[in-house]
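Novice: what follows is a predicted protein model with its sequence.
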Amino acid sequence: MFVAGFPAGAWGTNCYLVAPAAGEECVIVDPGHEAARGVEDLIREHRLKPVAVLLTHGHIDHIASVVPVCGARNVPAWIHPADRYMMADPERALGRSLGQQLMGSITVGEPDEVRELEDGGVLELAGLKLTVDHAPGHTEGSVTFRTPAHGEVPPVLFSGDLLFAGSIGRTDLPGGDTAAIMRSLARVCLPLDDATVVLSGHGSQTTIGRERATNPYLLQVAGSADTGGTTAVPRRGM
């Protein structure tokens, strides 16, 4: 599997292009703030042919470029129905004003074609097989996408703002729920193989094994260590 990614825009949100190999069809994961140019650069560099945009959740730092990216290539966007409203109303999703200067660089609204994700669904796109897991807590419609192992290539989890290297997504914005995100960590992340590569919405690459051993939130849900000080670890995401 081929993955190219870059941090985009004001929030440094990771956008990924995923394909079986360079020169083939691909999917685009989370084209956020000011991501359109970076997406086009990677498409040209690696001769990719986008067939869909996949959204881990509806926060503006993950979807701000979905309209121009989908429109440029005439491809659909996939999002969980619980977060779909955020495309048209990003300020409601955050409970605060984004500011006129920032809003001027964001295209609010839905692309021409939107398809809805469901828990446990399997997307077969661009020669890839991606399993969707609903993972509420950061938002009500947060999801992850995971690919199976293939030969020597380990499985990959596109975790959005559910799981980061050393931390998890914040839960203090509208739709956030601390108990729900802990349940999502237990249900979605803990069963995965330690070799699973985690490509998150912000920050560096990690693995499930590393997070299982060191991430205080995964330690807490696994019940494998005394984690009385977990609130001191900052949570991330918008």
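Specialist: Looks like it arrived, so ask away. Residues are numbered from 1 along each chain as shown.
Novice: does Glu124 belong to a helix, a strand or coil?
Specialist: Counting by DSSP: H, G, I helix; E, B strand; the rest coil, the backbone at Glu124 sits in strand.
Novice: to clarify, my last question referred to Ala82.
Specialist: From three-state DSSP, the assignment for Ala82 is helix.
Novice: and it, how close does it get to Glu118?
Specialist: As judged by Cβ to Cβ, to the nearest Å, Ala82 and Glu118 stand 11 Å apart. For every residue, glycine as well, the C-beta is placed using N, CA and C.
Novice: neighbour count winner among these two?
Specialist: More crowded of Ala82 and Glu118, by other Cβ atoms under 10 Å: Ala82, with 19 against 10.
Novice: just name the shakiest helix or strand of this protein by mean pLDDT.
Specialist: helix 100-103 (a mean of 49; mean pLDDT, DSSP states H and E).
Novice: beyond it, next helix or strand please.
Specialist: The element immediately downstream of helix 100-103 (helix or strand, assigned by DSSP states H and E) is strand 114-116.
Novice: quick one: contacts of that next one?
Specialist: Outside strand 114-116, the residues within contact range by Cβ atoms under 8 Å, 6 or more residues apart in numbering are 76-81, 84, 87.
Novice: which non-adjacent residue is nearest the spatially most central residue of the chain?
Specialist: What sits nearest the mean C-alpha location of the chain, by Cα atoms, centre = their mean, is Gly160, with 2.6 Å. Leaving out its chain neighbours, the residue that sits closest to Gly160 by Cβ to Cβ, 6 or more residues apart in numbering is Thr56, at 2.7 Å.
Novice: count of neighbours near that neighbour?
Specialist: 32.
Novice: any regions of this protein where pLDDT drops low?
Specialist: 95-107, 224-238 (pLDDT under 70).
Novice: list the contacts of Ala36.
Specialist: By Cβ under 8 Å, 6+ apart, Ala36 lies in contact with 65, 68-69, 72.
Novice: hang on, the earlier thing: you'd agree the residue nearest to the centre of the chain is up against His62?
Specialist: Yes - assessed by Cβ atoms under 8 Å, Gly160 is found in contact with His62 at 7.2 Å.
Novice: hey, what's in contact with both of the two?
Specialist: Counting by Cβ under 8 Å, 6+ apart, the residues touching both Gly160 and His62 are 30, 56, 201.
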